[in-house]
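*Asks:* this is the structure alone, sequence omitted:
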Ligand code: HEM
């Protein structure tokens, strides 16, 4: 190894150490948390592009254009910064990635020290220890023996649910007491839970799917796709209203088929999805469907007869109208079914009518369009189209997320960790009863996380101890405020 | 029954307003006797408010958590309950002067919005989860309001010590203890919300504006808890985080008034 490579490796070791320290630092963690908070705030306040818009860049661009009236010239800058899709930007993902790394590094880094701290259970500590603690008290001029004093202390500690260890010597007794010894490890559960939850979320995104485009007209059956052999029959969608017109219940009677055989049937409501083999079907939305029949007049063969869910919105003849579609001749012809606009008085397509728009699938050229009234067949080139009747369709969200179990496990760990650390903070107390000091004295010192409410607890303990040590002084009016933390008091 | 709920609401409003005046008197004159009355009247107000919510639940046949009026009264109730707990454990009456204006503001707002009992839309008909989700949230938000009030006092209390206010370290401890009670509940609210969203909509998290706003609130308190380990962030900066946290809480709470998304559920 030559000099420069030695220097190089020293430098890189030094910068690696610096990076490690940065990742462990509480300041870095705080900055990271606050940056993520700010990003989330932006995502809550600024309108975010919906999933279906994000699927195609063209749709997204058109959607952003639509925001121009609202944000003016800022639109371009905001789009450049990703403010319309905060949670998918590289910078947001980088922040979350850094958080995970920092949590990981910080956990590894802190573990040995914390382990030592929890393992540290010295019962015998020196006199100077009792003069340095933040919470301390001293009762001088003991009128009883050090063993009696120690017994009083042990009784007071046990009553407060402390675990107590005692060592008695000739003229002194040492006591060590603790509560919630392992609670400090709660932080590991919390941070570990967060790492696990984020990992599971990423995993679920890769290996699961969520599809909210399964629309099934009443009495129709549709394949689920996504590599499954499942199909779903909708035996009927029902919408119930309260007398004042507000919705009360939406439900669909579904039957699930696997490879053509019925495997499950259930009524699905907003809060009651049906699950089969890890795939769940949720009631998501509903709307109207048109039943269309297509017949070859020469052979009298039915080419198509099914409900067409008018589940999309598209602009036709100057209005946004509900639209559905189906294909004929193995997908070579595309038939759009356009219905009456719901929000405006439609003077082109009246209720009870639909327009069919037939085009060639491969080059998207429109062949013809025709308005159909119910039960009035229309024939072109030996093919007859009939709009039979209207019905409803149900819109389902189909979800498969193998990681959900791990999400619940991770969040449970996280919640347990948080409750452990914050509701059961660890406390330790050392007591020394010294008969040989002048005058005979009982020393008390406590340790606990800052602001964890130990103040009051320590004061109460000291007060109780005072009563226990010299019952005769019990009649004297004593107030807890005499024991400000760290303050001493003579009896 | 519905009438009873409204009578109790008015009684609560009046008692809490009276207790505010008594707390103010106590703060200015330092009269222990007045302080005891303030506490008494405050608890009476809390009892009336509880009765009002109870009667409303009986009328509606579910927890009082489904429209703006009910949410607002429940929020005020959460603050009063959290305050009573903190006042008891810290023997800290002057805090009432800073907490009660928030409560009275909420009750004042509640009396301006329609208080009719309305049926639930389908997405909200998961009674048990809804009840637990919202009751835990209400208590968490209540403790944040108390932490907020103590943080305001902290900022008013200069280092030179204004003698009619408690010392800064006590105020800091009160804030911290309130957050320690409320923050775990806040996390539980997020997890319960995710559980519910997973059954109702098929995803546990969807960056819906209201969900995101709740996360922002929780993260501000995560920030506060971590600032605790940094010397430079103790005191003023922590107090500012608590104030931001409560602003975010109120924003989250009333978010459905101006945030879109699934929490204002409509069929299609
Ligand atoms: C969203 C992310 C995070 C959450 C929800 C979270 C949550 C918590 C909670 C609830 C506590 C316990 C409060 C306390 O003991 O005072 C805590 C403590 C702590 N966290 Fe985090 N944390 C997060 C990120 C981080 C990161 C990135 C780091 C590391 C660099 C970190 C380092 C610490 C440390 C050092 C403690 C103090 C532990 C102790 O005093 O025993 N945290 N965290």
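*Replies:* Cool, got the structure. Note that the structure is predicted; figures quoted are calculated from it, not measured.

*Asks:* and residue B:48, what pLDDT?
*Replies:* pLDDT recorded at residue B:48 is 94.

*Asks:* right, I mislabeled it, should have said residue A:22
*Replies:* 85.

*Asks:* also residue A:378?
*Replies:* If you check residue A:378, the pLDDT there is 84.

*Asks:* try residue B:92
*Replies:* Looking at residue B:92, its pLDDT reads 81.

*Asks:* again with residue A:85
*Replies:* 91.

*Asks:* please apply the same query to residue A:4.
*Replies:* If you check residue A:4, the pLDDT there is 73.

*Asks:* that one falls within a helix, correct?
*Replies:* Yes. Assessed with DSSP: H, G, I helix; E, B strand; the rest coil, residue A:4 lies in a helix.

*Asks:* that one - how many residues pack around it?
*Replies:* Neighbours of residue A:4 under the rule other CB atoms under 10 Å in any protein chain shown: 8. From N, CA and C alone the C-beta is placed, and that goes for glycine too.

*Asks:* roughly how far does it sit from residue A:138?
*Replies:* Relative to residue A:138, residue A:4 is positioned 62 Å away (CB to CB, to the nearest Å).

*Asks:* swap in residue B:129?
*Replies:* Taking CB to CB, one finds residue B:129 at 54 Å from residue A:138.

*Asks:* strand partners (parallel or antiparallel) of the lowest-mean-pLDDT helix or strand in chain A?
*Replies:* When the helices and strands of chain A are scored by mean pLDDT, DSSP states H and E, strand A:312-316 comes last with a mean of 77. Sheet pairing for strand A:312-316, assigned by DSSP bridges, gives strand A:319-328 (antiparallel).

*Asks:* pLDDT averaged over the following helix or strand past the partner strand - what is it?
*Replies:* Using DSSP states H and E, the helix or strand that follows strand A:319-328 in sequence is strand A:333-338. The average pLDDT for strand A:333-338 rounds to 86.

*Asks:* so residue A:124 sits against residue A:173, correct?
*Replies:* No. Residue A:124 is beyond contact range of residue A:173, at 10.2 Å (criterion: CB atoms under 8 Å).

*Asks:* shared neighbours of those two, anything?
*Replies:* Common neighbours of residue A:124 and residue A:173, counting by CB atoms under 8 Å, 6 or more residues apart in numbering or on different chains, are residue A:167.

*Asks:* neighbour-wise, which of those two wins?
*Replies:* The neighbour count for residue A:124 versus residue A:173, taken as other CB under 10 Å, is higher for residue A:173 (24 against 12).

*Asks:* enumerate the residues of the stretch 151-268 of chain B near the ligand.
*Replies:* By CB under 6 Å from any ligand atom, the residues of the stretch 151-268 of chain B that approach the ligand are B:222, B:225-226, B:228-229.

*Asks:* check which helix or strand residue B:83 maps to.
*Replies:* Element membership for residue B:83, per DSSP H and E: helix B:68-90.

*Asks:* domain assignment for chain A?
*Replies:* Annotated domains of chain A cover A:121-180+A:425-489, A:209-400 [automatic domain parsing].

*Asks:* for those, which one sits closest to residue A:32?
*Replies:* Across these, residue A:32 has its closest neighbour in domain A:121-180+A:425-489 (22.5 Å, CB to CB).

*Asks:* tell me how far the closest one lies from the chain's centre.
*Replies:* Averaged C-alpha coordinates place domain A:121-180+A:425-489 at 45 Å from its chain's average position (CA atoms, centre = their mean, to the nearest Å).

*Asks:* is it positioned near chain B?
*Replies:* Yes. Domain A:121-180+A:425-489 is in contact with chain B by CB under 8 Å from any CB of the partner chain, via A:450-453, A:455-456.

*Asks:* got any ranges where the stretch 201-350 of chain A has weak pLDDT?
*Replies:* Counting by pLDDT under 70, the ranges of the stretch 201-350 of chain A that qualify are A:342-346.

*Asks:* quick one: is the lengthiest helix in chain A near chain B?
*Replies:* Across chain A, the longest stretch assigned as helix under DSSP state H is helix A:90-119. No. Judged by CB under 8 Å from any CB, helix A:90-119 and chain B are separated, with a smallest distance of 10.5 Å.

*Asks:* any idea of the mean pLDDT in the next helix or strand after that helix?
*Replies:* As assigned by DSSP H and E, the chain's next helix or strand after helix A:90-119 is helix A:129-132. Helix A:129-132 carries an average pLDDT of 81.

*Asks:* helix or strand right after helix A:129-132?
*Replies:* Downstream of helix A:129-132, the first helix or strand assigned by DSSP H and E is strand A:135-139.

*Asks:* on contacts alone, who are the packing partners of that next one?
*Replies:* Applying 3 or more CB pairs under 8 Å, 6 or more residues apart in numbering or on different chains; DSSP states H and E, we find strand A:135-139 packed against strand A:441-447, helix A:454-469.

*Asks:* hmm, who's touching the helix or strand that it is followed by?
*Replies:* For strand A:135-139, the succeeding helix or strand toward the C-terminus, using DSSP H and E, is helix A:146-159. Applying CB under 8 Å, 6+ apart, the external contacts of helix A:146-159 come out as A:142, A:144, A:164, A:166, A:168, A:171-173, A:175, A:177, A:429, A:431, A:433-435, A:440, A:442, A:444, A:461, A:464-465, A:468-469.

*Asks:* may I see the ChimeraX selection of the buried members of those residues?
*Replies:* Buried residues among the contacts of helix A:146-159 (16 or more other CB atoms under 10 Å in any protein chain shown), as a ChimeraX selection:
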select /A:142,144,164,166,172,173,175,177,429,431,433,434,435,440,442,444,461,464,465,468,469
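
*Asks:* tell me which residues of stretch A:145-152 come out buried.
*Replies:* Buried residues in stretch A:145-152, counted by 16+ other CB under 10 Å: A:146-147, A:149-152.

*Asks:* as a whole number, average confidence for it?
*Replies:* pLDDT averaged over stretch A:145-152 gives 84.

*Asks:* same thing with stretch B:152-160?
*Replies:* Averaged across stretch B:152-160, pLDDT comes to 79.

*Asks:* quick check: the gap between whatever residue of the stretch 51-200 of chain B ends up closest to the ligand and chain A.
*Replies:* Residue nearest to the ligand within the stretch 51-200 of chain B: residue B:183 (7.0 Å; CB to the nearest ligand atom). Residue B:183 is 7 Å from chain A, where distance means CB to the nearest CB, to the nearest Å.

*Asks:* list the contacts of the nearest residue to that residue once chain neighbours are set aside.
*Replies:* Distances taken as CB to CB, 6 or more residues apart in numbering or on different chains place residue B:221 nearest to residue B:183, at 4.9 Å, with adjacent residues excluded. Residues near residue B:221 by CB under 8 Å, 6+ apart: B:144, B:179, B:182-183, B:186, B:245.

*Asks:* same thing but at 7 Å, please
*Replies:* Residue B:221 makes contacts with B:179, B:183, B:186, B:245, as judged by CB atoms under 7 Å, 6 or more residues apart in numbering or on different chains.

*Asks:* can you check the pLDDT for it?
*Replies:* The model's pLDDT for residue B:221 equals 96.

*Asks:* what sits opposite the residue of the stretch 251-400 of chain A found nearest the ligand in the beta ladder?
*Replies:* Residue nearest to the ligand within the stretch 251-400 of chain A: residue A:399 (25.8 Å; CB to the nearest ligand atom). Bridge pairing for residue A:399 (DSSP bridges) gives the partners residue A:210, residue A:280.

*Asks:* which elements pack onto the longest helix anywhere in chain B?
*Replies:* For chain B, the helix with the greatest residue count under DSSP H is helix B:168-200. Helices and strands touching helix B:168-200, by 3 or more CB pairs under 7 Å, 6 or more residues apart in numbering or on different chains; DSSP states H and E, are helix A:404-423, helix B:68-90, helix B:127-156, helix B:209-227.
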